[in-house]
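> got a structure for you, letters missing:
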């Protein structure tokens, strides 16, 4: 299954003197498909489960519509979409959003809505946010992605706190609320990918080779067989 498999329920195009505006709406179960693809992508990026305050949460629960990670990915995706010219600070043009849901475990829920961006494009922003999240955990543990890949299956647990802290500090800020692309470019934080993290961490180690080594951070959680 790939991001391009999402089927649009309807697609209207409005033509005015100023712009051509497309509106997309996807069926309600679409977010179940999004979650399934996110789980597959998480595994390929090195996350077999996630953790909140040392409580291990299986990946399919972490990124479902009421999962503890989903709301952060959605907010991050909107910030990335603004930089890509697909959204604005005043109007989320993506075909999904977060709403409050007091009955959900974490008080919110990701829902499908009308959007001006096709899901195949919107998902790429979610995917980039997910990779950044996983890389933030590897960075927290001072590990190269190649070292992380060598861990046993049940130790590939991604704590989400480093990502949430980074999101609140660097991605949800007044500096990124501008619709000016130049201002966004100047203030845009570093978006981590596995390749960027691998190179950056390796270079950092080389620079520290002749200094006193930093104590390693022990990995606090793992999980048993998930069946």
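Good, I have the coordinates. Quick caveat: nothing in here was measured; it's all calculated off a predicted structure.
> Now do the helices in this protein.
Ranges of helices within the chain are 30-45, 59-62, 70-83, 119-140, 145-149, 161-166, 181-187, 194-207, based on DSSP state H.
> Now that we have those, can you turn them into JSON lines and tack on distance to residue 52, mean pLDDT and mean neighbour count?
Heads up, the C-betas are built off the backbone N, CA and C, glycines and all. Shown next, in JSON lines, are the helices of the chain (distance: least, CB to CB, whole Å; pLDDT from 0 to 100; neighbours: other CB atoms under 10 Å):
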{"stretch": "helix 30-45", "distance to residue 52": "15", "mean pLDDT": "94", "mean neighbour count": "19"}
{"stretch": "helix 59-62", "distance to residue 52": "8", "mean pLDDT": "96", "mean neighbour count": "20"}
{"stretch": "helix 70-83", "distance to residue 52": "11", "mean pLDDT": "92", "mean neighbour count": "22"}
{"stretch": "helix 119-140", "distance to residue 52": "12", "mean pLDDT": "96", "mean neighbour count": "22"}
{"stretch": "helix 145-149", "distance to residue 52": "19", "mean pLDDT": "98", "mean neighbour count": "16"}
{"stretch": "helix 161-166", "distance to residue 52": "7", "mean pLDDT": "97", "mean neighbour count": "18"}
{"stretch": "helix 181-187", "distance to residue 52": "29", "mean pLDDT": "70", "mean neighbour count": "12"}
{"stretch": "helix 194-207", "distance to residue 52": "22", "mean pLDDT": "94", "mean neighbour count": "14"}
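> if we compare these, which one ends up closest to residue 106?
helix 70-83 (7.1 Å; CB to CB).
> re earlier: of all the helices of the chain, which one is nearest residue 102?
The nearest among the helices of the chain, by CB to CB, is helix 70-83 at 14.0 Å.
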